[in-house]
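J.: sequence? don't have it. structure:
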DNA sequence: ACTGATTGCATGCGTGCGCATGGATCTCTA
DNA sequence: TAGAGATCCATGCGCACGCATGCAATCAGT
């Protein structure tokens, strides 16, 4: 039995009221305390998780929601200009570009990650008991899963 | 007792996985089926709720999170160019600008609102029982309130 | 009433985005 | 082994944003 339309609107409103201020603060704190925009942080995080190097195409597949292909292309160009990554022609397919973390990029990511985790903890950790956080997380994950199916 | 940092990250990840796809679809559907961007929809909604006219300053106070003051100024200029609103000098304080819905703006809003409600119902209503939606909404509202205090 | 501060809005400028497209390379098929 | 099509990335263009600033109207203190 589905809930009423009004319930969906109130749920959306509640989601926005949690999501937007947290996102806003995370972005601000990343810029202020780590010196990077949130797109750069995401790219650094994916690169770090992948062991430090990734083809541009694959990075784009992970960041589709936020960046178009040209958008990511230029983001990585800026990151290269800032000395955070290298861009090289893929040795086995010269159409491709391999993006690799440089030392400065790894360092910047580590610093940014601390800031990022701290901000999330501040907003979402301190305000919930472990049980409440787990319940809320489960409910959201279930909703996301049903959304993806339907 | 606060939950662990890892719990905060998982909660954030779950929030993102619900919020982003829904927002993305709402924006796309508003553009495709109602012919407006989401910023215009928000402005129309606030104007409608306020009875059809509002001072630019007050509208900006409501849309602070999404638009800077110059950003809102230009959004409303585009809305005027599209025939959705009127902009007039405030009669009692000639620094101010009064924004008023025109008929076309009201019509466009009504159509957009149906589209908007339908999208939320599709994503958030059909996938939850009334009880589950209410529980989730309560939990999110409580979190937002604690966030705002701390 | 006069002067300086404040308020409300608009504009100049630089930047980043997406869409459309281009150029280079690879793949597949005949 | 051509040649057509697909793939990968970069660039041209237009647009919307934010920051800094400008301008006009109002307000506050004397």
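T.: All right, it came through fine. On a predicted model such as this, the values are computed, not experimentally measured, just so you know.

J.: The residue of chain A found nearest DNA strand C: neighbouring residues, count only.
T.: DNA strand C sits closest to residue A:71 of chain A, with a gap of 2.3 Å, by CB to the nearest atom of the strand. C-beta: built from backbone N, CA, C; applies to glycine. As a burial measure, residue A:71 scores 13 neighbours (other CB atoms under 10 Å in any protein chain shown).

J.: residue ranges with poor pLDDT in chain A?
T.: A:1-5, A:150 (pLDDT under 70).

J.: again, only using 80
T.: A:1-5, A:148-150 (pLDDT under 80).

J.: Which residues of it lie near DNA strand C?
T.: A:39, A:66-71, A:74-75, A:78, A:93-95 (CB under 7 Å from any atom of the strand).

J.: and which of these is nearest to residue A:20?
T.: Ranked by distance to residue A:20 (CB to CB), the residues of chain A next to DNA strand C are led by residue A:66 at 15.8 Å.

J.: isn't residue A:139 right next to residue B:133, touching?
T.: No. Contact criterion CB atoms under 8 Å: residue A:139 and residue B:133 do not qualify, at 9.7 Å.

J.: Comparing these two, which shows the higher neighbour count?
T.: For the pair residue A:139 and residue B:133, the greater number of neighbours falls to residue B:133 (23 against 19), based on other CB under 10 Å.

J.: where along chain A do the helices fall?
T.: For chain A, helices defined by DSSP state H occupy the ranges A:5-34, A:38-49, A:56-62, A:69-81, A:103-120, A:130-149.

J.: In the last one, which residues are buried?
T.: Which is helix A:130-149. Using 16 or more other CB atoms under 10 Å in any protein chain shown as the test for burial, helix A:130-149 gives A:132, A:133, A:136, A:137, A:139, A:140, A:141, A:142, A:143, A:144, A:147.

J.: now do the shortest one
T.: Residues of helix A:56-62 classed as buried by neighbour count (16+ other CB under 10 Å): A:56, A:59, A:60, A:62.

J.: Show me what that helix is packed against.
T.: helix A:38-49, helix A:69-81, strand A:97-101 (3 or more CB pairs under 8 Å, 6 or more residues apart in numbering or on different chains; DSSP states H and E).

J.: same thing but 6 Å
T.: Based on contacts counted as 3 or more CB pairs under 6 Å, 6 or more residues apart in numbering or on different chains; DSSP states H and E, there is no element that helix A:56-62 packs against.

J.: near DNA strand D at all, it?
T.: Yes. Counting by CB under 7 Å from any atom of the strand, DNA strand D is contacted by helix A:56-62 at A:56, A:57, A:60.

J.: Just name the closest of those to residue A:128, please.
T.: Closest approach to residue A:128 among the residues of helix A:56-62 next to DNA strand D (CB to CB): residue A:60, at 34.4 Å.
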